[in-house]
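Student: Return atomic coordinates for the entry below.
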Amino acid sequence: MSTATQFPEFFSLQEKYAVCRPVGEMTLDHAVTIVDDALHYCFKNKIRGLLVNVSKTSGFPSPSLTDRFWYVTKWAETARGCVILSMVAPPFMVLPDKMGVTFASNRGLQSDVFFDEEEAAKWLCTVCK
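Tutor: Numbering: from 1, shown residues only. Predicted coordinates:
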């Protein structure tokens, strides 16, 4: 992303938070970069919450624990404790113990993952007061 005012790809603003809905076939690295760009935009523009819906992406399998650790660490560094992340993902991508959420919490990123965007938005609005 070249400037703080440029919207990241697949990005929009809602009344109380930002939304990122990547769509299509892509690599895991590309998907991680899209989310990271959106987090960066939110941090730079003092937007407290980000809802990311990756349920319409394809091209990569459910991330490994190592992948989850890597991208959650990257996102936590970008958010710097200032952006709350609410993620929507298909069930096959979410571990039953939500280990990615634990990784995020341990690195200072408040987050949760959901299967439904309405639930994710409700949670985000509750924690972003």
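Student: if you skip the residues just before and after it, what's nearest to the residue nearest the centre of the chain?
Tutor: What sits nearest the mean C-alpha location of the chain, by CA atoms, centre = their mean, is residue 52, with 4.5 Å. Nearest residue to residue 52, sequence neighbours excluded (CB to CB, 6 or more residues apart in numbering): residue 20, at 4.6 Å. For glycine as for every other residue, the C-beta is placed from the backbone atoms N, C-alpha and C.
Student: didn't the one you found look like it was pressed against residue 49?
Tutor: No - assessed by CB atoms under 8 Å, residue 20 is found out of contact with residue 49, at 11.3 Å.
Student: So for the two, which sits in the more crowded spot?
Tutor: More crowded of residue 20 and residue 49, by other CB atoms under 10 Å: residue 20, with 24 against 21.
Student: tell me which helix or strand of this structure sits lowest on mean pLDDT?
Tutor: Lowest by mean pLDDT, DSSP states H and E among the helices and strands of the chain is strand 11-13, with a mean of 91.
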